[in-house]
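> Okay, predicted coordinates and the sequence, questions at the end:
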Amino acid sequence: MKEVQVKGFSIYYDNVQTEQCNVMLDEQLYIEDKPLPRYFIGETTMTFFDFYHADSPDFQESDYLLSEKFQQIIGRFPHTNQKKIALNEHDSYSIKQVPVYIHVKDYILALSKPEAYTTFREKLATVQSLIPINEDASESVSSYKRKRLFLDGTYGSRELLENVQETTVQAIQEKLEYVNEMYYFAHYNYAAMVQFLPEYEITTYDQFHEAYGKFVYSFTVTKNGKTIPLLWPDYLYHKPENHLEFGLLANTEQPRYQLFDEWKANDPITIELLADGFEDVRFETHLKQPMAFPPKLSKSDYTQGEMICLSIDTGVIEELAKQEATFEWFKTKKTSENAYSLEYQLMENQLMMPSAQFEKTGRYQLKITSDVYGQLLFLFTIKQEG
């Protein structure tokens, strides 16, 4: 006969039925007849692979490795939630202080058969502050959602153990908005932003950081039932901006992004943000119609006098011909001009525009907003000759 002891709770167990251990837990395990806690709770540090595996089972540990480019970006823009996110030695992330729970029966089984549940025991060894929660104490648990540690050593999806726990976090969903969706922008197939509604007057980086940004530790995009975990800097916010932005990379062999290599009009997607101390935030939207090929400028830098050439889907050309799409150009981020007033020529799948009409050198933006194809933004620079 052996004994399990966890923070004031103890119970005897044996591999055969005895007078004291007469309640069968499984075929070769018996425990004494006494009330069991509802579960044990604690906190642990887990890799991104472990954290997301329940909701993204198709990805491997290697899919969460940071590319060399991402490591360079992190050098300039480190993750703003250092309390929750740790950068590992092997170029990947871990999440600290993840709330977990364990069924009491699983705990006893693992102790009684250590050779059968080695992975569970390894994960259990990393759980801190493990305490039993009894039936009469469940409402006093001051935590939000927890992940269950299963006997096979994997973690389940985050879940509320008690409905009352929803009141332990700050409400924020109604203060935020999902804006500025863009298609085929720069290196991305799809990108967008999350920011506070105007009435909350969060207009600076520091205000966004203190109000919400520094607490964010997870960002996922779900398309057609498959969840894509994003890494910092797939999503980030940086000075002087007052919003969080994200993008799904195009032209890459990395499996996390390949779900957005193709899509159909009206495909539903869900964006979910997790932030320490706040309710989960979810935005749902539908994708616009994809193009026959990704639109592209002939180059990013033009000398004055060169022809600017944009290759783009015939459907967009038709909308521009009928002036059904919004067509704008920007010299600065804040001020837009009507691009229909510019000199341009439309061909079957090309927009041609003389650069000479832009009198000043510098950076410009060309934006097309279509009800069918969404928002398209193209950046280019005009330089002096020679």
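That came through, no problem.
> Over to the residue positioned nearest the centre of the chain. Which of the three states is it?
Residue closest to the mean C-alpha point of the chain, counted by CA atoms, centre = their mean, is Phe219 at 1.8 Å. Of the three states, Phe219 takes strand according to DSSP: H, G, I helix; E, B strand; the rest coil.
> which ones are touching it?
229-230, 234-235, 244, 246, 271-274 (CB atoms under 8 Å, 6 or more residues apart in numbering). Every residue, glycine included, has its C-beta placed from N, CA and C.
> who's in contact with Ile102?
With CB under 8 Å, 6+ apart, Ile102 has these contacts: 39-42, 124, 127, 130, 148-149.
> residues in contact with the closest residue in space to Phe215 that isn't next to it in sequence?
Closest residue to Phe215 apart from its sequence neighbours, by CB to CB, 6 or more residues apart in numbering: Ala275 at 4.0 Å. By CB under 8 Å, 6+ apart, Ala275 lies in contact with 172, 212, 215-217, 281.
> for Lys239, same thing?
Tyr205.
> so it sits in a helix?
No: read with three-state DSSP, Lys239 is coil and lies in no helix.
> can you give me the helices in the stretch 1-150 of the chain?
Applying DSSP state H, counting those that start in this stretch to the stretch 1-150 of the chain gives helices spanning 48-52, 68-76, 104-112, 118-124.
> follow-up on the earlier one: check the contacts of Ala275 and tell me the two furthest apart.
Ile172 and Tyr217 (14.2 Å; CB to CB).
> neighbour-wise, which of those two wins?
Tyr217 (22 against 18; other CB atoms under 10 Å).
> How many neighbouring residues does the closest residue to the more buried one other than its chain neighbours have?
Leaving out its chain neighbours, the residue that sits closest to Tyr217 by CB to CB, 6+ apart is Lys84, at 4.1 Å. Burial measure for Lys84: 22 neighbouring residues, criterion other CB under 10 Å.
> which stretches of the protein aren't confidently modelled?
For the chain, the stretches with pLDDT under 70 are 137-142, 163-166, 386.
> residue farthest from the centroid of it?
The chain, farthest from centre, CA atoms, centre = their mean: Glu19 at 53.3 Å.
> Please report how far it lies from Ser62.
53 Å (CB to CB, to the nearest Å).
> Next one: the nearest residue to Glu262 once chain neighbours are set aside from Val372, what distance?
Nearest residue to Glu262 in three dimensions, chain neighbours excluded: Pro290, at 7.1 Å (CB to CB, 6+ apart). Pro290 sits 10 Å away from Val372, going by CB to CB.
> Quickly list what's touching both of those two.
Joint contacts of Pro290 and Val372 (CB under 8 Å, 6+ apart) are Ala265.
> Would you mind telling me which of the two has more residues around it?
For Pro290 versus Val372, neighbours defined as other CB under 10 Å are more numerous around Pro290 (20 against 15).
> My reading is that the more buried one is in a strand; is that accurate?
No: judged by three-state DSSP, Pro290 forms no part of a strand; its state is coil.
> Looks like it contacts Ala265 (just checking).
Yes: in this structure, Pro290 is within contact of Ala265 by CB atoms under 8 Å, at 7.3 Å.
> for the helices of the stretch 1-150 of the chain, which one sits closest to Glu337?
Here helix 68-76 is closest among the helices of the stretch 1-150 of the chain (CB to CB), at 32.2 Å.
> tell me which residues in that closest one are buried?
For helix 68-76, the neighbour count (16 or more other CB atoms under 10 Å) marks Ile74 as buried.
> swap in stretch 25-35?
25, 29-32.
> Next: stretch 184-199.
Buried-residue list, stretch 184-199, by 16+ other CB under 10 Å: 184-185, 188-196.
> any idea where the strands of the stretch 1-150 of the chain begin and end?
Using DSSP state E, counting those that start in this stretch, the strands of the stretch 1-150 of the chain run over 2-6, 9-14, 23-26, 29-31, 39-47, 85-87, 93-102, 128-133, 147-148.
> What's opposite the closest residue to Met24 other than its chain neighbours in the beta bridge?
Spatial nearest neighbour of Met24, chain neighbours left out: Tyr30 (5.6 Å); criterion: CB to CB, 6+ apart. Beta bridges link Tyr30 to Asp14, Met24 when assigned by DSSP bridges.
> Begin at 657 from now on, thanks
Right, with 657 as the first residue, what we last looked at is Tyr686.
> mind listing what Tyr686 touches?
Applying CB under 8 Å, 6+ apart, the residues near Tyr686 are 669-674, 677-680.
> One more pass at 10 Å, please.
Each residue near Tyr686 by CB atoms under 10 Å, 6 or more residues apart in numbering is listed here: 657, 668-674, 676-680, 768.
> Out of those residues, flag the one nearest to Thr736.
The closest of those, once distances to Thr736 are taken by CB to CB, is Ser768, at 44.4 Å.
> Measure how buried the closest one is and give me the count.
20.
> Report the separation between Asn922 and Gly881.
On the measure of CB to CB, Asn922 and Gly881 end up 15 Å apart.
> No further questions, thank you.
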